[in-house]
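S.K.: Here is the input, now give the coordinates:
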Amino acid sequence: MTDNNFGILPYEEILWGHNIEKAKCTLEIGDFIDVLIIDIKHKKKKIIFSKKALNHPLDDPKIGLKINDSFLGIIKTIKDYGYFIYLPFGMEGLLHIGELDETISFNEGDVINVFIKNIDIERKRISLSYILDDQKVT
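M.R.: Sure thing, here's the model as predicted:
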């Protein structure tokens, strides 16, 4: 008797971004796809796969991100050290608390203007700065 394992590719691991309906439409039964194992649940005998982990937005030349590019972003998560902002190309950047005047605060779900302050390709991280309504990025 063999020890059977099974794997799962969660919808949120198919595409960058959070459009579940679009992710559902990208694959069909019988498709052969490349995936990366991102977790193994030994007790449950389950393997978790990711398709999106193979093509990070920062590696995609079509996106072509540059320092000072500006975006509307959504406050996704709030930590003591800053805000994680969901950006339109499907990943998050960090707006560090030190980038803000102490009188400015946000709530999860707020939409704000940000620009890219730094891109760390190796660590796959984006640092952001906040754009005040009357401020323009040059």
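
S.K.: Break the protein into its domains for me.
M.R.: With domains defined by automatic domain parsing, the chain comprises 6-55, 70-130.

S.K.: For these, state which one has the densest average packing.
M.R.: domain 70-130 (a mean of 15; mean count of other CB atoms under 10 Å). Bear in mind the C-beta positions are built from the backbone N, C-alpha and C, glycine included.

S.K.: any idea of the mean pLDDT for that domain?
M.R.: For domain 70-130, mean pLDDT rounds to 91.

S.K.: Can you give me the end-to-end span of it?
M.R.: Chord length of domain 70-130, first to last residue, is 9 Å (CA to CA, to the nearest Å).

S.K.: got the residue ranges for the strands in the chain?
M.R.: Using DSSP state E, the strands of the chain run over 6-8, 36-41, 46-50, 70-79, 82-86, 92-96, 111-120, 125-130.

S.K.: The last one pairs with which strands?
M.R.: In the sheet, strand 125-130 lines up against strand 92-96 (parallel), strand 111-120 (antiparallel) (DSSP bridges).

S.K.: okay, the angle between the shortest one and strand 70-79?
M.R.: Between strand 92-96 and strand 70-79, the angle formed by their directions is 70 degrees, by axes from the mean of the first three to the mean of the last three CA atoms, to 10 degrees.

S.K.: follow-up on the earlier one: could the strands of the chain be laid out in CSV, adding distance to residue 24?
M.R.: Below are those laid out as CSV (distance: least, CB to CB, whole Å):
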stretch, distance to residue 24
strand 6-8, 14
strand 36-41, 20
strand 46-50, 16
strand 70-79, 22
strand 82-86, 20
strand 92-96, 22
strand 111-120, 26
strand 125-130, 27
